[in-house]
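Trainee: Kindly generate the corresponding structure for this input.
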Amino acid sequence: MKPSDDFNSRFERKELVLTIGYLMTAYPGRTTVTTVMDWLKNGLPNDLEERMEAAYALAKPIERVESELVAQGFLNGDDDALLNPNFSITAPITTLRDATDVRAVRAELMARVKREFLDNVSSDLEGVERRLKEWISQVKMPRHKLYHTGLSNDGERLSFKLLHIGFSLGQQGRFDRGEDWPLWHELIAVIPEMAAARVMPNIDTGTPYRYLRRAPK
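Mentor: Okay, the predicted model is just below:
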């Protein structure tokens, strides 16, 4: 069932809250957590259905391929929604709240979701891994930088890491955002699939990485 088929059912309202939380659910409706609890029992006001359906449509695909925290982080305009529960004026959830044309804003934000979270797929992760390892073995990397790649234990994700030492915090921050990666244009010219790889900073290790997911069959 698509979200738009019967969004005002109790199940879908509950799923929205489970995915993005009470506070973020309340925000587009300019209301409170208490009101959201009432929505779960009695349904949404008609003038909010389209806006809430859009929030669900944006968050649910991210939750499916990542997690509810990543979905919240996207809507919040922050990588970690738990660290910053306040919504900035540029956050997608704020854009959705303030939209006069909800359909147009939904389409624009859905394009971002697709580009940032859903397009990083390949049906041949093993083949991409093999070509990456061959490229790594042949390329001459700048000093104090090294690429490493490998499949996850379940074979569903291929990671591509940039290992680096001896750089300033500012430069490391750019690395973690996927900026200034050495020989990147040369790499994607040889292995174009990597142009769609999603950038993810590893908070535990400090090592930035990109990854591709296996395309659904």
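
Trainee: can you tell me the helix or strand for the nearest residue to Phe117 once chain neighbours are set aside?
Mentor: Leaving aside its sequence neighbours, Phe117 sits nearest to Ile62 (C-beta to C-beta, 6 or more residues apart in numbering; 5.1 Å). Every C-beta, even on glycine, is put in place using the N, C-alpha and C of the backbone. For Ile62, the host element (DSSP states H and E) is helix 49-65.

Trainee: still on that earlier bit, and the residue nearest to Phe117, how many neighbours?
Mentor: By the criterion of other C-beta atoms under 10 Å, Ile62 has 23 neighbours.

Trainee: ok, now Pro61?
Mentor: Pro61 has 17 nearby residues by other C-beta under 10 Å.

Trainee: Please name the residues that touch it.
Mentor: Residues counted as contacts of Pro61 (C-beta atoms under 8 Å, 6 or more residues apart in numbering) are Val113, Phe117, Leu118.

Trainee: do Met37 as well
Mentor: By C-beta under 8 Å, 6+ apart, Met37 lies in contact with Tyr22.

Trainee: now the host helix or strand of it and helix 49-65, what's the angle there?
Mentor: Under the criterion of DSSP H and E, Met37 resides in helix 33-42. Inter-element angle recorded for helix 33-42 and helix 49-65: 90 degrees (by axes from the mean of the first three to the mean of the last three C-alpha atoms, to 10 degrees).

Trainee: Could you list the alpha-carbon positions for the helix or strand of the chain with the lowest mean pLDDT in PDB?
Mentor: Least confident helix or strand, the chain: strand 198-201 with a mean of 83, by mean pLDDT, DSSP states H and E. Taking C-alpha atoms only, strand 198-201 is exported to PDB below (Å, rounded to 0.1, in the frame of the first residue of the first chain):
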ATOM      1  CA  ARG A 198      26.600   7.900  -0.200                       C
ATOM      2  CA  VAL A 199      29.000   9.700   2.100                       C
ATOM      3  CA  MET A 200      28.900   8.700   5.700                       C
ATOM      4  CA  PRO A 201      31.300  10.000   8.500                       C
END
